[in-house]
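Asks: following is a predicted model, sequence given first.
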Amino acid sequence: MHTLSRFDAAGYSYGIRVTVTADQIEQLPDSVEFICEHFGAERIQVEHA
């Protein structure tokens, strides 16, 4: 989180990749919402494990 905050402060363009397992799928919407509310990632990529 510290690094992402520094990227935002510097105006650095970045994306985030999230790996989700079957037991975490229900938490995915909350995770994406958290990322969107707190960071300026241009894209979020979701991968399955």
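Replies: Structure received.
Asks: show me the strands in the chain, by range?
Replies: Secondary structure of the chain by DSSP state E: the strands cover 15-20, 43-48.
Asks: and among these, the most buried is which?
Replies: Of all the strands of the chain, strand 15-20 carries the top mean neighbour count, a mean of 12, counting by mean count of other Cβ atoms under 10 Å. Every C-beta, even on glycine, is put in place using the N, C-alpha and C of the backbone.
Asks: run the chain-centre distance for that one.
Replies: Mean-position distance between strand 15-20 and its chain equals 6 Å (Cα atoms, centre = their mean, to the nearest Å).
Asks: for this structure, longest helix please?
Replies: Longest among the helix segments of the chain by residue count, using DSSP state H, is helix 28-38.
Asks: list the helices and strands that helix packs on?
Replies: strand 15-20, strand 43-48 (3 or more Cβ pairs under 8 Å, 6 or more residues apart in numbering; DSSP states H and E).
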